Every structure is written in structure tokens, then in C-alpha cells.
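Undergrad: for reference, the sequence and a predicted model appear below.
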Amino acid sequence: MGTKKEKVEEYDVCVSCGKTTSYKKTDNIVYRSGYIEGAGQLCLECAQRDNEEVKHAQKLWKQRQEEYEWIRQ
């Protein structure tokens, strides 16, 4: 009688909050959303939060540039 080994897929863990992500460790990083090269995988919630923080920082930077241009005139 032969026994079959069940292949258990391991899932990546979010490098920010520690939750299990929807990506398998064997999934190609090219097709992942929220993967940070050199750091690892983010879960959906952390990736969305980080995107919102980036957008907010970009908005602030643009406002500061506009204020600076106004002062220089």
C-alpha cells in the first residue's frame, strides 16, 4: 500500500502586522500585490493603509511646493 504525501501549501505572512496573507510562499512575486522587494509581503489591509499614507504624503508635498512657489514670487 503506497501512501501519498499531501503537499501543504504555506502562505506568506504580512511583514507589517503578522496576519496570514492570501499569497502562497511559492507564488511568483511579479503577480503579487503589496509585495515589497527586500522586505516581504503585506496583507491587503496594510497595503491599502500604506497606499493611503503615500497619497497623503504626496498631497502634503505638493502643497508645500505650491506654498514655497507663492512665497518666492
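TA: The structure has been received and is ready for your questions. Numbering: from 1, shown residues only.
Undergrad: and the strands in this protein?
TA: Ranges of strands in the chain, per DSSP state E, are 11-13, 20-24, 35-36, 40-41.
Undergrad: which one, of those, ends up nearest to Tyr68?
TA: Closest to Tyr68 of those is strand 35-36 (Cβ to Cβ; 30.9 Å). C-beta: built from backbone N, CA, C; applies to glycine.
Undergrad: which residues touch the closest one?
TA: The contact list for strand 35-36, computed with Cβ atoms under 8 Å, 6 or more residues apart in numbering, reads 15, 23, 29, 41-42.
Undergrad: point out the most buried one among the strands of the chain.
TA: Scoring the strands of the chain by mean neighbour count under mean count of other Cβ atoms under 10 Å gives strand 40-41 as the most buried, with a mean of 20.
Undergrad: what strands line up against that strand, and which way round?
TA: Partners of strand 40-41 in the sheet, by DSSP bridges, are strand 35-36 (antiparallel).
Undergrad: for the partner strand, the distance to its chain's centre please.
TA: Relative to its parent chain, strand 35-36 has a centroid offset of 5 Å by Cα atoms, centre = their mean, to the nearest Å.
Undergrad: closest to the centroid, which residue in the protein?
TA: Gly34 (2.8 Å; Cα atoms, centre = their mean).
Undergrad: can you tell me the closest non-neighbouring residue to it?
TA: Ala47 (3.3 Å; Cβ to Cβ, 6 or more residues apart in numbering).
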